[in-house]
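**Q** Fold the following and give me the result.
(3 chains)
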Amino acid sequence: MVELLQNLIDGLGRGSIYALLALGVAVVFGVMHLLNFAHGELITVSGYAAYWALNDGWSWYLTVPLIVVVAVLTSLVIERVAFSRVRGADQFTLLLTSFGVHFVVFAIFLLYVSASVKTFPRPGWVTNTYAVGSLRIEVFDTVVIVVTLLTLAGTTWVLQRTTFGLSLRAAAADFDTARLMGIRSDSVIRGAFALSGLLAGIASVFWLMRAGSTVPSAGIDPMLKGVLAALIGGLGSLRGAVLGGFALGMAEVLLRSRLPDSVASLTEGVVFLLIALLFIFRPQGLVAVDHAERV
Amino acid sequence: MLEVSGLTTAYGEIQALRDADLRVGSGEVIGLIGPNGAGKTTLLNTIAGLLAPRSGTVTLEGDDVTGRPPEDLLRAGLALVPEHRRIFTDLTVEENLRVGGVTVPAGERGALLDEMAELFPVLRAKWTTAAGYLSGGEAQQLAIGRALMARPRLLMMDEPSLGLAPILVDVVFELVETLRAQGRTLLVVEQNATRMLEVADRAYVLRSGEVVAEGTGAELRADERLFDMFVGN
Amino acid sequence: MFPDLRRDVFVPVAAGLVLFGLFVGAGLFYQGALGGQERLVTFAIIDAILVLGLQVYVGNTGILSFGHIGFGAVAGYAFALMAIDPVEKAKRISDAPFGLTDVHLGPWAGLAVAVAVVLVVGAVVGIGLARSGAESGAVSATVITLALLFVTHEVARNWPDLTGGDRAGLSFKIGGALDSRTPLYLGLLGAILVALLYARSRGGRMAQAAREDDLAARAMGVNPLVQQMVALLISVSVVSVGASLRVYEKGSILPSDFFFNLTLVTLVMLIVGGRRSVTGALLGVAVITAGRELARRMGQDGFELFGLGLDDAPLDWIFRENLKTVFLGVAMLGFMVWRPDGLLDDWDLDRWLHARLRRWRERGAEAPEVPEVVPDLVEGGPGDEAVLVADGVTVSFGGFRALDGAGLEVGRHEVLGVIGPNGAGKTTLLNVVTGLVGSDSGRVALGGADLSGAPSHRIARSGLVRTFQNLRLFGSLTVRENVEVSALVASSTRRHRPPPDVDGLLVAAGLWDVRFRRARELDYGTSRRLELARAAAMSPSFLLLDEPTSGMSDAESEAMVDQVRRMAGLVGAGVVVIDHDLNFITGICDRVTCLDAGQVIATGTPDEVQAHPAVRAAYLGTSGGG
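**A** Here you go, the predicted structure:
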């Protein structure tokens, strides 16, 4: 029982980060039907920014806003440089464009920094824990969960109450009709990328605090988790993406602690297999979104 | 208010609309009738900027607005209630209306929302319901209300009675009467020609992408050839 | 008519030999005359095999796969485990599971095992892809393949007992690498031929049709899921051969050998050349190999490389060691933004050769005669009994009842018109009859066989073939290929009917002169005629036409009357036609059914229906207050 509770908390901590990433993927997918394989690059770029700042003597208090700002700006720059040119293209082009962006960013860091791991100091409290009864809870997990919940609440408020949020949801549901309401495609798409960058930036802060390092290929893992979580949740559904993120985090933690030792190292592989099974039995994801085709 | 002249629109090789002329005066209710595939929706979508015309001009209050995108045309005062209503089903009734009003200053939206609640009592009762749960008639009223939120000078409606039970068709036409009484300018595509001609000041008949007849509602109703125009004899 | 041995076998084989010669020749020239590295050419050949394997799937189905290198990893490990000497294996994986440490099969048997293992994995993944609703451009299918890449990578890294793990890997020491290039040449030639012959085969054509338009392919009796599975299995077999050769040539295998980097390289090669073309795949390999090598050397030596000795100090910021990776990323991005179909799009050598050959042979030849309409098929033979019946069909979309107990009944060789105002449910009824939309209740039967709820490709094979209101042709296939797809399906599924005569149909539909044009280049009226010819080539019992005259002028509509009659007569089919144009309907139909608000309001001869007061009211609406 205690172990299960422990897993639950760990899973929430891990799932929080995935949920933020997945929500960013889903927001962009909603308005552009682009599954963004370059989403993880926001973490790569902000990771190098953090490396530069922290080794330049910045404190984490200053670095955190820097990471978020860099992620938002990177997201906007990528939209402007690459994705704005393929708006409305077929899926094949969209998918490979985002894959191409991933590789260009990867290559730039390879070219101008180096292939080797760059480390930076982690905040001291990251490894601290505190006890509640017989549970050992990480301070870090607690912070992650609280900040994530606040972020999700803020995002919900933005999406439900602000003009931008309404425009975004309307455009995701039916772009042509949204334009008939006077919603400008440029601003809504850029807004979506900015929001996606903001969410990735917050996720990036946690990701980097825990990792304490970055490499040119650092974006692959978070990208994969974000994309998979969005897909588990049901592409196009924002609620589904958040749910998918938590489900993925929970599944990883539970498997890692429950699988017999001999195969525990294969957790990731098992998670992917479970996801494949999910697609076989529930191809539309956890939260289905209608895509009716008119013939 | 609106002048359309020589408008031709094509989808690839299909000329869906050929050299159409049309005029809407301020405060008029204009009907646009004709059989399936006559180009009525194409005409409205072209005026609204969703489709680019191959040739011809659209003039709104003396300004040439041909080929402008729909988001600009809305700001110029042209709103379209699209075919099949196209309400945002995941959004609540209130949110749908708010989306309709994104172009009006924030301070004025509250008053507009109140106005819509008054004009559409059935919607007021479902204010926070997701629009996907509305019945066809309610959804149509929502679609109209959403367009009115932009305070358009000219409101265009595409097949507002499509797929509605007869009693709800009555509601739609009563609404058209109400809007006319408010002095609004309307351009309505309708399949129910008889009803449309009863409420319209003037109407145009489209067939195979061309305007084949024009006249007041009474003139066209009295025209024996109307059925033939519809069925292609 | 199929297979056309010259077009589908001999010319592709000849073209394949030419391509093989050109590719290998270019490699040998570079290596010999230009003094280039042997290793570069060797790996270009291996890359070519992998890319050709990828092309078989991606090119023909239109589904983007990130997972083929994952299949490659499976094959590579299977091959290594079988082929490596037990003595070597004992050093790295002394207690491998399933007693694999002691297995020693040698390279050829190892290759066979690798292919077999990958086929099993491919079948399982293929089922998953099918369940996920894979079709051209499907996002979930792509993510599933990506997940596969990661599964294989994770397993390879974390199962050291089997794979030697992340750092050590497995290695051969059986005289190092391959001692001659012969296996590579054989592999390359085989891959080229498989890719070309598959693209021209029945399965390949059906997969391409589904790539162009999944729904229309189903309506022509193609089951895209089966074709995608076939393409996947062929594709992964080729990839396994390439992967095994790669492992053999390198003499070792590590998890990182078959991961993101190789995925990127092979995908860039494929899309730069043109993913729908076998020639393009090879061209892409050559261009990217050359470009990468150039970028690598410029990264090292700058302009020194060209013997120019220019001062490249100002360009130091770009001439750096990892320039080749930048080159790959930029190539992918650039092609996606500016030329997503690649250098060659779908141009292929064998098709070009065949077209040349044909033009040369056909100088001055006349078009075939318009075939005679087979009289006994037209004149309703024995039995005017109704054979297509739909009854009590009810369909609701959300709260909207599109059909409310509607139905229709058509006799053999009869022409039934379905009319009604906009939104009456005509197209929905046709969608239910052809299995594209499920009904809440009601029954569809053809000649006594119940078809209610059957998938659309099965309904098409039973003899109900439709056209679409908004034209759904296989756009990048030629006119003739469009018609051939349904003739192919008909030749195996409608054997009790006279086989469709593709050329005859093309002539009868007035398409003979444009038969080698791409369908997407046709004008509207011609496209409509092609849709009709394509449907007729299925030898259907009934042709179901959805608004065949929509968007046509009155004169064109009139011509369509003859067209429909002739095509239906040629294949002996009855017709159900939806149209709003009563002139057209009167001209062609024996009987007419009028729908309004999802219900049948009148049935009878065209004149009876036209005079019916309910029909008049349905078209013009009724007065207020009712």
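**Q** Roughly how far does the nearest residue to C:Ala281 once chain neighbours are set aside sit from C:Asp257?
**A** Among residues not flanking C:Ala281 along the chain, C:Gln55 sits closest, at 4.3 Å (C-beta to C-beta, 6 or more residues apart in numbering or on different chains). Where C-beta positions appear, they are placed from N, C-alpha and C, glycine not excepted. According to C-beta to C-beta, to the nearest Å, C:Gln55 stands 21 Å off from C:Asp257.
**Q** And the two? Which one has more around it.
**A** C:Gln55 (30 against 19; other C-beta atoms under 10 Å in any protein chain shown).
**Q** Correct me if wrong: C:Tyr248 contacts C:Phe79.
**A** Yes. Using C-beta atoms under 8 Å, C:Tyr248 is in contact with C:Phe79, at 7.2 Å.
**Q** shared neighbours of these two, which are they?
**A** C:Pro107 (C-beta atoms under 8 Å, 6 or more residues apart in numbering or on different chains).
**Q** Looking at those two, which is more packed in?
**A** C:Phe79 (31 against 24).
**Q** Which of the helices or strands spans that one?
**A** For C:Phe79, the host element (DSSP states H and E) is helix C:68-83.
**Q** so what's the residue nearest to C:Ser539 when sequence neighbours are not counted scoring on pLDDT?
**A** The spatial neighbour of C:Ser539 that comes closest, neighbours along the chain excluded (C-beta to C-beta, 6+ apart), is C:Arg497 at 4.1 Å. Per-residue pLDDT puts C:Arg497 at 81.
**Q** could you dump the helix or strand hosting B:Ala218 to CSV, C-alpha only?
**A** In the assignment (DSSP H and E), B:Ala218 maps to helix B:217-222. The C-alpha trace of helix B:217-222 is given here as CSV (Å, rounded to 0.1, in the frame of the first residue of the first chain):
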residue,chain,number,x,y,z
GLY,B,217,-40.7,37.9,-53.9
ALA,B,218,-44.3,38.4,-55.2
GLU,B,219,-43.2,38.4,-58.9
LEU,B,220,-41.2,35.3,-58.6
ARG,B,221,-43.9,33.4,-56.6
ALA,B,222,-46.3,34.2,-59.4
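**Q** What residues of it count as buried?
**A** B:217, B:220-221 (16 or more other C-beta atoms under 10 Å in any protein chain shown).
**Q** Repeat that for stretch C:342-360.
**A** For stretch C:342-360, by 16+ other C-beta under 10 Å, it's C:342-346, C:348-351, C:353-354.
**Q** was I right about C:Gln469 contacting C:Glu547?
**A** Yes. When contacts are counted by C-beta under 8 Å, C:Gln469 is listed as touching C:Glu547 (4.5 Å).
**Q** Looking at these two, which one has more neighbours?
**A** C:Glu547 (23 against 19).
**Q** wait, what's in contact with the more buried one?
**A** B:36-37, C:427, C:469, C:578-580.
**Q** filter those residues to the buried ones?
**A** Buried among those (16+ other C-beta under 10 Å): B:36-37, C:427, C:469, C:578-580.
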